[in-house]
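**Student:** my questions are about this predicted structure, shown below with the sequence.
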Amino acid sequence: MMGATIERTSDAIIIELKELMAPLGIVDVGNSGTTLRLISGTAALISGETGLTGDESIRKRPIKPLLNALRELGASCKGTGPDELPPVSIRGPMTGTQAHLPGDVSSQFISSLLLSCPIKESDTDLEITGERKSKSYVDVTLHMLRVLGIEIDERDNGYRIGGGQIPKGKGYEIPGDFSSASFPLVGAAITGGSVVIKGLDPNIPQGDSLVIDALETYGADITCRKGSVICSGAKKTPFEFDVSHSPDLFPVLAVLASTAEGESTLLGGEHLKFKESDRISTTVSMLNDMGVHAESRGDGCIVFGTGRIKGGTVSTKGDHRIMMAATIAGLASEEGVKMDDDNSYAVSYPSFLDDIRSLGGDAKEVTD
């Protein structure tokens, strides 16, 4: 919709872009907050107007800090209502040289400008205010930009981004996603089973590779070799984990903590309330509904594990990571887990249920 041509082959996706252009219609990102935020920066490069919207969840998620930064850089932006929630409209081009973003709301705001500002003509000084959360996700963006020949100077308070840079197209093998892999890895640990996940590279910046540390502390047997991670059996030791830079792990690590024998603490997740749901509240409710005693705190939760999950009926609030975490919990539960959601997982892990079934899990649709 914005001028790129995309060719899909059996083993690759080839993307070519000669000129960015405003889409003819409104871009609907569905349930993808990542798409909304990253495309916003791209839209601010274009002189025409771009309209962006999404589903009910997206229309409740914050984007005003990013719109404010785009305005500082000269773009015209407008959101809906006093909080400027989606739908939003954005018109460029950006010509300014300075912008500010909070570091404790969403790393995707930062990544959006890191992706777009090298392409605009002028240099950009991007200042990050407050405590930085999810910085490891920004590191993934920086890694990919450097692979494409983009130079960005990282400073104590932000970034100096040179303008007029052209990405150098080249082939790149996309590594496996630790965020998605965390679900079958935890599933193997809590059921006493074993799983091999291929295509994972702990040497490429991915904040969610910290799931390996959590699993090892829990007592799982983890082996990393030749691009694969193997997880099996566990001692089920309680643990403490800081999710500041890997917040997507929060729901599934809470499930992991549920099966430990003792008190576990997840902390550093103040920004989890800005996700598809308020993930602290939703995760704690999920655990309580399954017979696990858990208490929320401002930056996470405390899980009082007993080594068992009873099971029950869970409301996922349409949040894909809650749905997948509840599914994993169901594998180790005594009575099974039933939920009001059978497809939100497709947002980030389309083959999730198929993979769980292939590993021996029993997941099926019910009508009552």
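**Tutor:** Sure, I can see it.
**Student:** please count neighbours and contacts with C-alpha atoms only from this point.
**Tutor:** Fine.
**Student:** and this structure, what are its domains?
**Tutor:** 4-161, 178-358 (automatic domain parsing).
**Student:** so which of those gets nearest G171?
**Tutor:** G171 lies closest to domain 4-161 among the domains of the chain, at 8.9 Å (CA to CA).
**Student:** any idea how far the closest one is from the chain center?
**Tutor:** 15 Å (CA atoms, centre = their mean, to the nearest Å).
**Student:** cool, stretch 289-304 as well?
**Tutor:** 21 Å.
**Student:** which other residues reach that stretch?
**Tutor:** 254, 257-258, 261-272, 280-281, 284, 287-288, 305, 308-314, 337 (CA atoms under 8 Å, 6 or more residues apart in numbering).
**Student:** of all the residues in stretch 103-118, which ones are buried?
**Tutor:** 103-118 (16 or more other CA atoms under 10 Å).
**Student:** please tell me how far the most centrally placed residue in the chain sits from K273.
**Tutor:** For the chain, the residue sitting closest to the mean C-alpha position, by CA atoms, centre = their mean, is D248 at 5.4 Å. Distance of D248 to K273, given as CA to CA, to the nearest Å: 12 Å.
**Student:** element containing V138?
**Tutor:** helix 135-147 (DSSP states H and E).
**Student:** elements contacting the very next helix or strand once past that helix?
**Tutor:** Downstream of helix 135-147, the next assigned helix or strand under DSSP H and E is strand 152-155. For strand 152-155, the packing partners by 3 or more CA pairs under 8 Å, 6 or more residues apart in numbering; DSSP states H and E come out as strand 158-161.
**Student:** just checking, what packs against the strand it packs on?
**Tutor:** Secondary-structure packing of strand 158-161 (3+ CA pairs under 8 Å, 6+ apart): strand 124-129, strand 152-155.
**Student:** most tightly surrounded among these?
**Tutor:** Most buried of the helices and strands packed on strand 158-161, by mean neighbour count (mean count of other CA atoms under 10 Å): strand 124-129, with a mean of 20.
**Student:** what helices or strands is that strand leaning on?
**Tutor:** strand 98-102, strand 158-161.
**Student:** can those strands go into TSV with extra columns for mean pLDDT, distance to T237 and mean neighbour count?
**Tutor:** TSV is the format used below for the helices and strands packed on strand 124-129 (pLDDT from 0 to 100; distance: least, CA to CA, whole Å; neighbours: other CA atoms under 10 Å):
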stretch	mean pLDDT	distance to T237	mean neighbour count
strand 98-102	96	36	19
strand 158-161	96	38	20
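**Student:** in TSV: the domains of the chain, plus distance to G171.
**Tutor:** Output for the domains of the chain, formatted as TSV (distance: least, CA to CA, whole Å):
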stretch	distance to G171
domain 4-161	9
domain 178-358	16
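**Student:** deepest in the core, which of these is it.
**Tutor:** Most buried among the domains of the chain, given mean count of other CA under 10 Å as the contact rule, is domain 178-358, at a mean of 21.
**Student:** quick one: that domain to chain centroid distance?
**Tutor:** Remark: domain 178-358 is offset 14 Å from the chain centroid, using CA atoms, centre = their mean.
**Student:** still on that earlier bit, contacts for the helix holding V138?
**Tutor:** So helix 135-147 is in contact with 107-108, 110-111, 114-115, 151-152, 167, 204-207, 245-246, going by CA under 8 Å, 6+ apart.
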